[in-house]
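**Student:** Predicted model and sequence follow; I will ask about them next.
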Amino acid sequence: MKSEFTPPVGKISNIRGQCISLIGNDIDTDRIIPARFLKCVNFDSLGKSVFEDDRKTLKGKHPFDLEGNKNSTILVVNSNFGCGSSREHAPQALMRWGIKAIIGESFADIFYSNCIAIGIPCFTLPKKSIQEIQKYTFNQSLFLEIDLNNSLAVSKDINFNLELKNSTRKMFLSGEWDATSTLLKNENLIKNKFNDLPYLKFNTHFL
Amino acid sequence: MSRDTLFDKVWDLHKVSRLPGGSDQIFIGLHLIHEVTSPQAFGSLKDKNLKVKFPSRTVATVDHIVPTDNQSRPFKDNLAEQMIGTLEKNCLQHKIKLFNIGSGNQGIVHVVAPELGLTQPGMTIACGDSHTSTHGAFGSIAFGIGTSQVRDVLATQTIAMNKLKVRQIWCDNKLSKGVYAKDLVLHIINKLGVKAGVGFAYEFAGPAINALSMEERMTICNMSIEGGARCGYINPDEKTYSYIKNKLCAPKNEHWDKALTWWESLKSDENSIYDDVIKLDASKIEPTVTWGITPGQSISINQQIPLLDDLSPNDKLVAEEAYKYMSFNPGQFIKDTPIDVCFIGSCTNGRISDLRVAAKVLKDKKVSKNVKAFVVPGSEKVATQAKKEGLDQIFKDSGFQWREPGCSMCLAMNSDKLIGNQVSASSSNRNFKGRQGSPSGRTLLMSPAMVAAAAINGKVSDVREFIKK
């Protein structure tokens, strides 16, 4: 785990770093951060506990414990990564360990939106390409430079055209992934909606 | 692209704007919060110097972390005490209604909101918990969100989101005796897979769904997320309306008639268009049990654990991991698997009808001496009703521990945990590795009736053998 953590801010257009491969489908958020670590009122100390139980089971051989991976920032995963619980603690723990972007076959919905909301772009690639990367990183380091403008991932040996939803790309390039201020800009429209919704008129309960 | 479904109507109604990035800004009609995923959101509000925009549209309770044995304050667990203290402080400061322990209305957030009549057709409902999909049983569009989105809802009552596609899951005929909503939803997840629902809202429909009670419908929608669908819903009908009527927060007097007319107009049109439709025959489903480490890895009670060769290439990787973690052999029967712990409770199956059906199986029977069994009512209201009906006594007489309301061993954030590689028969929703508090603990998901049968025999059993008469 890196010593200094600084959360991303503003526009995100470039991510460069070393890849760390984690093999497996349907890796759920309970595995990324077991529930006992959710007993906290801030996210600060989650980084060291990422994949805690999986790492203990593998006794130092988990990718997140290998010396050669300790400075990695780009996580490479398989399908349905982040399924299960909505806990934002999962992407927060990954981010605080050092992850800045994820490339995978596919992602679970809530995990994907949590990643956007904290500034971690999640790219997809076909199974074959993911396996190619994972195989490559098995015995050598892979440094990628990702350009969000064209979704191109470049390294000295291999290049990939990453897939990223256009709306997501725009959010990162504009800084809108940090949504609160954008949402607040429509304050009047929100107020109108509050006044117009039929059920807010006939729910006259005590609240 | 779907058209004229309930999902389309409710989404369009709540759309505030199209954001520059291309996603929609959606108004959230009801926001539910609890002690685990909200503290950081309030912290972030403070950092950004923002207020809660519409405090009356957020309701809080405590569930995830509360002890279910001794609830006297301060809790033995300092961190639990700190988290609940933080929620109390935040609710007080921001004028948010909190249903705390002892209020008579505390409990699992997805049990409490429907009980209070807060959950109604046509609403958008969000909560920092993936099982928020439960509320879709009432014809609302309800989904789980992360903590940053909890902050956005508090600050703006809206979130940024892309519209989902809609898949109708049509269930023909009806469930046979001894087969419950839990079996149906486990079957659906098994057939479609745990990621088939990514990007979709699931509309559950057809005669088998119409025949279900509201509590059974909640069980179905609750587990949409286990099939990858962030949101699942059922069109409202007479059962929906009569469940809501006279509840504490239900529309009253002249508002009730207006509400009824409006709710009726929300149903998916007869010629609405879906992005996908799946049909299945509910009468063919048998009591279902999970054998693996995802809720999709399930089989009927009389089936064998699948062989690697019987599985699709995509499922093989996880199956191999599951055989190893669960210490099961491919081809092994699930029936008669010895059980160490039995748990009845959770937002999936912790409601009064779940307790009734389990108590019926347990009446005049004893829990096997090798089994630790406990029942955790979903809410204070459920507990009160159960006591009124004498269900607590039936559970206690059989050897079950009777507990206070909370999430408990569904996710093991309190002191209820599996030990070592114990096997649990659980009425909850997730059988992930380590889910129930032990990194090597093993969970078999099943209906509350099946958990009761497993408790009596000390092994996985067919509940139909208990209810023959």
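**Tutor:** Yep, it's here.
**Student:** now the helices for the stretch 251-400 of chain B?
**Tutor:** In the stretch 251-400 of chain B, the segments counted as helices under DSSP state H, counting those that start in this stretch are B:254-266, B:313-326, B:346-349, B:352-362, B:380-388, B:391-398.
**Student:** among the ones you listed, which is the most enclosed?
**Tutor:** Comparing those by mean neighbour count (mean count of other C-beta atoms under 10 Å in any protein chain shown), helix B:346-349 ranks first with a mean of 31. For glycine as for every other residue, the C-beta is placed from the backbone atoms N, C-alpha and C.
**Student:** where along chain A do the helices fall?
**Tutor:** Ranges of helices in chain A, per DSSP state H, are A:29-32, A:52-58, A:89-97, A:109-118, A:127-139, A:166-174, A:180-184, A:187-196, A:198-202.
**Student:** and these as JSON lines, adding mean neighbour count?
**Tutor:** JSON lines is the format used below for the helices of chain A (neighbours: other C-beta atoms under 10 Å in any protein chain shown):
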{"stretch": "helix A:29-32", "mean neighbour count": "25"}
{"stretch": "helix A:52-58", "mean neighbour count": "17"}
{"stretch": "helix A:89-97", "mean neighbour count": "26"}
{"stretch": "helix A:109-118", "mean neighbour count": "26"}
{"stretch": "helix A:127-139", "mean neighbour count": "15"}
{"stretch": "helix A:166-174", "mean neighbour count": "19"}
{"stretch": "helix A:180-184", "mean neighbour count": "19"}
{"stretch": "helix A:187-196", "mean neighbour count": "14"}
{"stretch": "helix A:198-202", "mean neighbour count": "18"}
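**Student:** how about the residue of the stretch 351-469 of chain B found nearest chain A, secondary structure?
**Tutor:** Nearest residue of the stretch 351-469 of chain B to chain A: residue B:439, at 3.9 Å (C-beta to the nearest C-beta). The three-state label given to residue B:439 by DSSP: H, G, I helix; E, B strand; the rest coil is coil.
**Student:** got the contact list for the closest residue to it other than its chain neighbours?
**Tutor:** Ranked by C-beta to C-beta, 6 or more residues apart in numbering or on different chains and with sequence neighbours excluded, the top spatial neighbour of residue B:439 is residue A:53, at 3.9 Å. Going by C-beta atoms under 8 Å, 6 or more residues apart in numbering or on different chains, residue A:53 touches A:31, A:34, B:433-434, B:439.
**Student:** same check, this time on residue B:58
**Tutor:** Applying C-beta under 8 Å, 6+ apart, we find residue B:58 in contact with B:31-33, B:52, B:96-97, B:153-154.
**Student:** Could you work out the most separated pair of those?
**Tutor:** Distances among the contacts of residue B:58 were taken as C-beta to C-beta; the most separated pair is B:97 and B:153, at 15.4 Å.
**Student:** Settle it for me: which of these two has more neighbours?
**Tutor:** Neighbour totals were compared for residue B:97 and residue B:153, and residue B:153 leads with 28 against 17 (other C-beta atoms under 10 Å in any protein chain shown).
**Student:** coming back round to it: I'd like the contacts of residue B:58 as TSV, with secondary structure and pLDDT appended.
**Tutor:** Output for these, formatted as TSV (DSSP: H, G, I helix; E, B strand; the rest coil; pLDDT from 0 to 100):
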residue	secondary structure	pLDDT
B:31	strand	98
B:32	strand	98
B:33	strand	98
B:52	coil	98
B:96	coil	97
B:97	strand	96
B:153	helix	98
B:154	helix	98
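**Student:** Return the closest of those residues with respect to residue B:327.
**Tutor:** Distances from residue B:327 to these, taken by C-beta to C-beta, are shortest for residue B:32, at 38.5 Å.
**Student:** Assess the claim that that closest one and residue B:132 are in contact.
**Tutor:** Yes - using C-beta atoms under 8 Å, residue B:32 makes contact with residue B:132 at a distance of 7.2 Å.
**Student:** Mutual contacts of those two, please.
**Tutor:** B:125-126.
**Student:** ok, the two, which is more surrounded?
**Tutor:** Using other C-beta under 10 Å as the criterion, residue B:32 and residue B:132 rank with residue B:132 on top: 29 against 26.
**Student:** The more buried one and residue B:140 touch, don't they?
**Tutor:** No - counting by C-beta under 8 Å, residue B:132 sits too far from residue B:140 to count as a contact (9.8 Å).
**Student:** what about the longest strand in chain A?
**Tutor:** strand A:14-21 (DSSP state E).
**Student:** As PDB, could you dump the C-alpha coordinates of that one?
**Tutor:** Extracted in PDB, the C-alpha atoms of strand A:14-21 (Å, rounded to 0.1, in the frame of the first residue of the first chain):
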ATOM      1  CA  ASN A  14      -4.900  10.300 -18.400                       C
ATOM      2  CA  ILE A  15      -4.000   7.400 -16.300                       C
ATOM      3  CA  ARG A  16      -0.700   5.700 -16.400                       C
ATOM      4  CA  GLY A  17       0.700   2.900 -14.300                       C
ATOM      5  CA  GLN A  18       1.500  -0.700 -13.800                       C
ATOM      6  CA  CYS A  19      -1.200  -3.400 -14.200                       C
ATOM      7  CA  ILE A  20      -2.100  -5.800 -11.400                       C
ATOM      8  CA  SER A  21      -4.100  -8.900 -12.600                       C
END
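**Student:** mind checking how far that strand is from the chain centre?
**Tutor:** 13 Å (C-alpha atoms, centre = their mean, to the nearest Å).
**Student:** Which strands border that strand, and is each parallel or antiparallel?
**Tutor:** Next to strand A:14-21 in the sheet, as set by DSSP bridges, lie strand A:74-77 (parallel), strand A:143-147 (antiparallel).
**Student:** Identify each buried residue in it, please.
**Tutor:** Under the neighbour-count criterion of 16 or more other C-beta atoms under 10 Å in any protein chain shown, strand A:14-21 has A:15-21 buried.
**Student:** need the next SSE after the longest helix belonging to chain B, C-terminal direction.
**Tutor:** Secondary structure of chain B per DSSP H: the longest helix is helix B:78-94. Downstream of helix B:78-94, the first helix or strand assigned by DSSP states H and E is strand B:97-99.
**Student:** strands paired with that following strand, and their directions?
**Tutor:** Here strand B:97-99 is paired, per DSSP bridges, with strand B:58-61 (parallel).
**Student:** Nothing else from me, thank you.
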